[in-house]
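Enquirer: model the structure of this input:
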Amino acid sequence: MTLIGMLHHRKNPETVIKSYAYAIVAKAEGADFIYFSPGGVNLAVKRIEGYAYENGAWIEKTVPFPDVIYNAGSPEKLAKAKSVIQKLKETIPFTTHSIGNKWNVAERLKEGKEFASYLIPTKTIKGPDDIHHFMNAFCDVIIKPIDGRKGQGIYFVQKSDSLYTVNKDSKNTTYTPEQLSHFFEPLLKSGTFIIQPYICSKTRAGRAYDFRLHVQKNGEGKWVITTIYPRVAPEGTIITNINNGGYTNYLDPFLAQEFSKEDAFNVKRMLEHFSLSLARHLDELQMREYQEVIDEIGVDVGLDPDHKIWIYEVNWRPGCPPAFYLELDVVKNTIRYAIYTAHHQEKIRADIQKLKKKELDTKKIPVIAITGSAGKTTTKAFVSSILQTRWNVFESKDYWNTTEHTKKHADEIDSAHEAVVLEYGMAYPGVITEHCGIIQPNMSIVTNIGMAHIGNFDGDVKKIAQAKSELIHGMKQDGVLFLNADDDNSAYLETDEFQGKIITTGIEKEADYQAYDVSYAESGMIFKMILHQEEHTFFIPIFGEHHVYNALHAIAVADYLGFAPLEIKSGLLFRKPPRRMTIYRLRSSMTMIDDTVHSHPQAVMAAIDVLKNIAPARTIAVLGQMRELGELRDEQYRKMGEYLAAQKIDRIITYGYRADAIGIGAIDASFPEDAFKHFLDKNEMHEYLQKILKEGDTILVKGASKTNMFDTVRFLDTTYR
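Expert: You can find the predicted model right below:
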């Protein structure tokens, strides 16, 4: 006869109401049953002191180690006896294993890919700015504690024009942007909060609802549906939890009330298929990662107006609502599966090994390489940020783009990574070929062909395009190549013999992924585009139309890989690379733009455009040298001066050898001579800035990295903080 052990953190079974049901059902199913806690385990003699239910009462009893253990205790409270439980697991099969808290489960589903598109994009909030950025992308959001339970501490925030409405405990309060920041600041200091777009899952009467999907394994080791039921929130709130006043209903009458006959049938079948498929998928993930199996989950899902399922959370060992009298069904499945587990350990282990082998044999991940004269690092950051909403991504460090860096990356990438995103830099012919020889990409992006390093290519942009084309020749020839349709010089790229798929992005010219209505927002850029015949509005938290191009490449890659618009919008709220359009708010209402990573003509013109677009008053451009322009240096400097004059920048300050040619070009284009100043000594330049800066000024600081223009950023930040 099979002996089933029920492990719990409480010593006395009379304090655990469900223990009686398990003992009675075990007896009815022909099994012996022992209730015990870690303190009753004697590892030396392999015996357990616990409680058996006999003749209507719990009696103390000592038994040999059971054939199988059902782990019913709290993982947190059982953690004190971790070593004892681990020893038990080494010799006795457990029917149930923790899949972690709901946030661990979400991360696991992202890694598993198959159900990642059902997850709601989620960000951890670092400060009020994160809330404003998220609400620029999604007007209605949910803010809640990362470790919240039973619907407690949840805020529903809606944006309308420039005001925000916060719903908490059925009460609505309206705030300005500043008031909203002040409201959440103390809350964010009290604990960790997350933010998600709100999924509109409402009944015809306008009440929020969701579905609880409860699935278990049965006596044959197969997943079965225990129950599916709706939970409806009280009027004036979005919280469906029963503890907060929500109520439940039977599935069929609810569907008949809320949907047409045909839709009700389809929704029911969809929920049934989804619940079993998700359970099998989580079971496989548990096998792959921990070589364990799971036996029961509860999933809370919402249904948006298009009948798309969104996962709210996944619970390990969920409870059943007493109103449905389903406790006995839950217990029967648990006991029967325990008996199955006790007698089919070899099969379970064989299934785990078979799954691991299949995973190793079939795993193929996207390896994405990015090159171009400008925008490589920002594009890489955008791509990685979006892919990380679902996958475990290997991302090269910012500015680690030499072949030596790529060799290091090759050693660091392992089987846990589900995508690889790399930046391939080059200053001479042959370098990108070497990159591809170390790690060969199957997806590639060429952001643009410009004048960076043109001095190393005899001043010929066609030769730069030829060197960048090494990525096209060196990648997998059946892969996917992403090109900028608006960049005229990209026409020089050698694509004729490429056998893979070419996807274009752009704003001005027709492209596969084309943005329109591009505009500056309060803290970044907003633009629109069509994805799958639907218009979507996107927001990026960085200034400049040139960064919209970088975002377009990332959107195209993510959409090609099957990421949903919600995931893309969430990922675009990325961690901006340092010293790339970093905005400093200084005293006296002054603003400084730090764009000091590198400098070439395209990049400087793009930075000047940002300066012009965000400045409320006087504009000041502090520009250092541009390197590796070769014989084109003076010509390009003069053209830069002409562009500054055309954009009506108020003051120009240049630093470094021959950089005064910028000012000369501006003066020749009718720029006021007394509004230009050139320096060869940085300290003297800083003293001059202190003399001329005044309230409301916006200052752009830009120059080649070797010019160390960040010294000026540091000086102004320290002086005017």
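Enquirer: pLDDT weak spots in the chain?
Expert: Along the chain, segments meeting pLDDT under 70 span 102, 148-151, 242-245, 320-325, 353, 356-363, 455, 458, 628.
Enquirer: where do the domain boundaries of it fall?
Expert: As assigned by automatic domain parsing, the chain contains the domains 3-91, 121-197, 203-361, 364-571, 582-720.
Enquirer: could those go into CSV alongside distance to residue 98?
Expert: (Glycine included, C-beta is placed from N, CA and C.) Listed next are the domains of the chain as CSV, based on distance: least, Cβ to Cβ, whole Å:
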stretch, distance to residue 98
domain 3-91, 5
domain 121-197, 15
domain 203-361, 6
domain 364-571, 20
domain 582-720, 42
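Enquirer: which one, of the ones you listed, ends up nearest to residue 114?
Expert: domain 203-361 (5.5 Å; Cβ to Cβ).
Enquirer: residues in contact with the residue nearest the centre of the chain?
Expert: Closest to where the C-alpha atoms of the chain average out (Cα atoms, centre = their mean) is residue 389, at 2.5 Å. Residue 389 is in contact with 110, 116, 119, 121, 563, 567, 570, 571, counting by Cβ atoms under 8 Å, 6 or more residues apart in numbering.
Enquirer: hang on, the fourth one in a strand?
Expert: It refers to residue 121. No - applying DSSP: H, G, I helix; E, B strand; the rest coil, one finds residue 121 to be coil, outside a strand.
Enquirer: so it is in contact with residue 567, correct?
Expert: Yes - counting by Cβ atoms under 8 Å, residue 121 does reach residue 567; the two are 5.4 Å apart.
Enquirer: was I right about residue 512 contacting residue 504?
Expert: Yes - counting by Cβ under 8 Å, residue 512 does reach residue 504; the two are 4.9 Å apart.
Enquirer: joint contacts of those two?
Expert: Shared contacts of residue 512 and residue 504, defined by Cβ under 8 Å, 6+ apart, are absent.
Enquirer: what's across from the nearest residue to residue 168 once chain neighbours are set aside in the sheet?
Expert: Leaving aside its chain neighbours, residue 168 sits nearest to residue 155 (5.3 Å; criterion: Cβ to Cβ, 6 or more residues apart in numbering). With DSSP bridges as the criterion, residue 155 is bridged to residue 143.
Enquirer: tell me, how many residues neighbour residue 155?
Expert: 20 (other Cβ atoms under 10 Å).
Enquirer: would you agree it is in contact with residue 144?
Expert: Yes - between residue 155 and residue 144 a contact is recorded at 6.9 Å, counting by Cβ under 8 Å.
Enquirer: flag every buried residue along stretch 118-125.
Expert: Buried positions in stretch 118-125, judged by neighbour count with 16 or more other Cβ atoms under 10 Å: 118, 119, 120, 121, 122, 123, 125.
Enquirer: oh, that last question was meant for stretch 583-593, not what I typed.
Expert: For stretch 583-593, using 16+ other Cβ under 10 Å, the buried residues are 583, 584, 586, 590, 591, 592, 593.
Enquirer: before we move on, what about stretch 55-74?
Expert: With burial defined by 16+ other Cβ under 10 Å, the residues of stretch 55-74 counted as buried are 58, 61, 63, 65, 66, 67, 68, 69, 70, 71, 72, 73.
Enquirer: then stretch 303-316?
Expert: Using 16+ other Cβ under 10 Å as the test for burial, stretch 303-316 gives 303, 309, 310, 311, 312, 313, 314, 315, 316.
Enquirer: hang on, the fifth one in a strand?
Expert: Yes - counting by three-state DSSP, residue 312 is part of a strand.
Enquirer: can you classify the nearest residue to it once chain neighbours are set aside as helix, strand or coil?
Expert: In this structure, residue 312 finds its nearest non-sequential neighbour in residue 300, 4.2 Å apart by Cβ to Cβ, 6+ apart. Three-state call for residue 300 (three-state DSSP): strand.
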